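Engineer: give me coordinates for this.
(4 chains)
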Protein chains: 2
Amino acid sequence: MLVAREPVTLRALATRVGTSTMAVYTHFDGMTGLWGAVRQEGFARLARRLADVAATDDPVRDLAALGAAYAATAIEHPALYRAMFDAVADLPDPEAAGAAFGVLVAAAGRALEAGRFRAADPAAVATRQWASGHGLILLVISDVLPRTALDEHAPALLTAIFSAAGDDPPRCAASVRAGWG
Amino acid sequence: MLVAREPVTLRALATRVGTSTMAVYTHFDGMTGLWGAVRQEGFARLARRLADVAATDDPVRDLAALGAAYAATAIEHPALYRAMFDAVADLPDPEAAGAAFGVLVAAAGRALEAGRFRAADPAAVATRQWASGHGLILLVISDVLPRTALDEHAPALLTAIFSAAGDDPPRCAASVRAGWG
DNA sequence: AGTGTGGCATAACGCTGCTATACATGGCGA
DNA sequence: TCGCCATGTATAGCAGCGTTATGCCACACT
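Structural biologist: Alright, predicted model coming up:
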């Protein structure tokens, strides 16, 4: 899973696109601004990917599908995913990250309304799902865990979290299996 | 939670300890080797902290206590924790990380023997606990989640994971509460 | 006591991100 | 249509980085 991480230098980048280093300073604000734009674009793509997950009549299935889409996005571009969270605190426009999280919260809210979750805070469920997925994904793209660990542990973790939120365990497991695909 | 991250340059470091830059090349192997030694020491300390957690007659409580010790270690030195996982794949001696993980697996094994977990693979339970904690901790020390999120979500996540492993939910919650302290 | 070896200070090299300056090019007003 | 202004780019140079080559010094061993 570990991909070659060439240093991404300002000069190499300028030469690559056939311009001089100054272009990076006019269009972005130096390397700092460029990395900020990269992280921003990463979260924008993530939010789009999550928003593209169609809602069904099984909100728990949807939550699992969102998790799968999230993981797929991260695995497709692991270097980008790492960069996104390298300085997520000073994102130029944090709303993009908020939008991605909001999709998760909305799905958890639908699960609550549908009676699948019992008096649980949708934001808390989404946070727990997010944190678990984040950790698992990072361990995978850091070559600590093999890539197969995702399919082995993610559904189990999601089932554990959603069941703890009140869903009926067997039904929850079925929904997660369906959503994770 | 975000702490000031001065660049940690070779020159500044050499001046700080009153020597020249060459010392870093004789004792370590340049900056790369030095960072490797730092990560190594980080995992060694983590393993020691986990090994110092005394086992009780409640293995689920112990698992939660291990989680709390793990989180405390990370929160005490967030920059070190980030550095540890920055290149965990090429750790000089991976056994230190393996030892830390082994403590978790052993506790999960005791929970299985004690009949608290039902036919679950101890390593799988430990992996899920580790991944979840890792993600939650990273989000906290990256200032995505407030520090209070640890006490709010970690026990809930642990209870969810251990209950899914077969433990009786109310009893599990009590054990986690006791262990998390 | 003489010799050899290991470790450190010094200086220099190539690279980095960044900035100051000069030039070119495109649009707008007279 | 001509001239001017402004915007963006190329060039050159700066300080800083990690790394390496060289020379020296101090300690240990015969």
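
Engineer: and chain A, which residues reach chain B?
Structural biologist: Within chain A, the positions adjacent to chain B are A:2, A:85, A:88-89, A:97, A:124, A:127-128, A:130-139, A:142-145, A:149, A:152-153, A:156-157, A:159-161, A:163-164, A:169 by C-beta under 8 Å from any C-beta of the partner chain. Where C-beta positions appear, they are placed from N, C-alpha and C, glycine not excepted.

Engineer: one more pass at 6 Å, please.
Structural biologist: Near chain B, the residues belonging to chain A are A:2, A:88-89, A:128, A:131-132, A:134-136, A:139, A:142-144, A:153, A:157, A:160-161, A:164 when assessed by C-beta under 6 Å from any C-beta of the partner chain.

Engineer: just the buried ones among those, please.
Structural biologist: Among the residues of chain A next to chain B, those classed as buried by 16 or more other C-beta atoms under 10 Å in any protein chain shown are A:88, A:128, A:131-132, A:134-136, A:139, A:142, A:144, A:153, A:157, A:160-161, A:164.

Engineer: closest to A:Trp35 out of these?
Structural biologist: A:Trp35 lies nearest to A:Val88 out of these, by C-beta to C-beta, at 11.6 Å.

Engineer: before we move on, back to that, next step: the buried ones among the residues of chain A next to chain B restricted to strands.
Structural biologist: Judged by DSSP state E, strands contain none of those.

Engineer: residue in chain A nearest to chain B?
Structural biologist: Nearest residue of chain A to chain B (C-beta to the nearest C-beta) works out as A:Gly135 at 2.5 Å.

Engineer: name the nearest residue to that residue, ignoring sequence neighbours.
Structural biologist: Nearest non-adjacent residue to A:Gly135, counting by C-beta to C-beta, 6 or more residues apart in numbering or on different chains: B:Gly135, 2.5 Å away.

Engineer: from B:Trp35, how far off is that neighbour?
Structural biologist: Distance, B:Gly135 to B:Trp35, using C-beta to C-beta, to the nearest Å: 23 Å.

Engineer: near DNA strand D, which residues of chain A show up?
Structural biologist: A:Thr19, A:Ser20, A:Thr21, A:Met22, A:Ala23, A:Thr26, A:His27 (C-beta under 7 Å from any atom of the strand).

Engineer: before we move on, back to that, let me know the closest of the buried ones among the residues of chain A next to chain B to DNA strand D.
Structural biologist: Set against DNA strand D, the nearest of these by C-beta to the nearest atom of the strand is A:Ser142 (21.1 Å).

Engineer: pLDDT value on the nearest residue to the closest one once chain neighbours are set aside, please?
Structural biologist: Computed as C-beta to C-beta, 6+ apart, the closest residue to A:Ser142 that is not its neighbour in sequence is B:Val88, at 5.5 Å. Per-residue pLDDT puts B:Val88 at 96.

Engineer: ditto for A:Ala12
Structural biologist: Model confidence at A:Ala12 (pLDDT) stands at 96.

Engineer: for it, what is the enclosing helix or strand?
Structural biologist: Using DSSP states H and E, A:Ala12 maps to helix A:10-16.

Engineer: report the buried residues of that helix.
Structural biologist: Buried residues in helix A:10-16 (16+ other C-beta under 10 Å): none.

Engineer: so how far is that helix from its chain's centroid?
Structural biologist: Taking C-alpha atoms, centre = their mean, to the nearest Å, one finds the center of helix A:10-16 at 29 Å from the center of the full chain.

Engineer: how about stretch A:72-87?
Structural biologist: Using C-alpha atoms, centre = their mean, the offset of stretch A:72-87 from its chain centre is 8 Å.

Engineer: ok, residues contacting it?
Structural biologist: Stretch A:72-87 is contacted from outside by A:Arg39, A:Gly42, A:Leu46, A:Arg49, A:Ile137, A:Ile141, using C-beta atoms under 6 Å, 6 or more residues apart in numbering or on different chains.

Engineer: do stretch A:110-123 as well
Structural biologist: With C-beta under 6 Å, 6+ apart, stretch A:110-123 has contacts from A:Pro59, A:Val60, A:Val105, A:Ala108, A:Gly109, A:Ala165, A:Gly166, A:Asp167.

Engineer: pull out the buried residues from it.
Structural biologist: A:Arg110, A:Ala111, A:Leu112, A:Arg116, A:Phe117, A:Ala120, A:Pro122.

Engineer: from the opening residue of it to its closing one, how far?
Structural biologist: The straight-line separation of the ends of stretch A:110-123 (C-alpha to C-alpha, to the nearest Å) is 12 Å.

Engineer: so A:Leu2, which of the three states?
Structural biologist: Following DSSP: H, G, I helix; E, B strand; the rest coil, we place A:Leu2 in the coil state.

Engineer: in three-state terms, label the residue of chain A positioned farthest from its centre for me.
Structural biologist: Taking C-alpha atoms, centre = their mean, the residue of chain A most remote from its mean C-alpha position is A:Ser20, at 34.1 Å. Here A:Ser20 is recorded as coil under three-state DSSP.

Engineer: contacting residues for the most centrally placed residue in chain A?
Structural biologist: Chain A has A:Tyr70 as the residue nearest its centroid, 4.0 Å off, counting by C-alpha atoms, centre = their mean. By C-beta under 6 Å, 6+ apart, the residues touching A:Tyr70 are A:Gly133.

Engineer: kindly report the same for A:Gly109.
Structural biologist: A:Pro122.

Engineer: okay, it and DNA strand C: tell me how far apart.
Structural biologist: 42 Å (C-beta to the nearest atom of the strand, to the nearest Å).

Engineer: against A:Pro7, how distant is that residue?
Structural biologist: Taking C-beta to C-beta, one finds A:Gly109 at 43 Å from A:Pro7.
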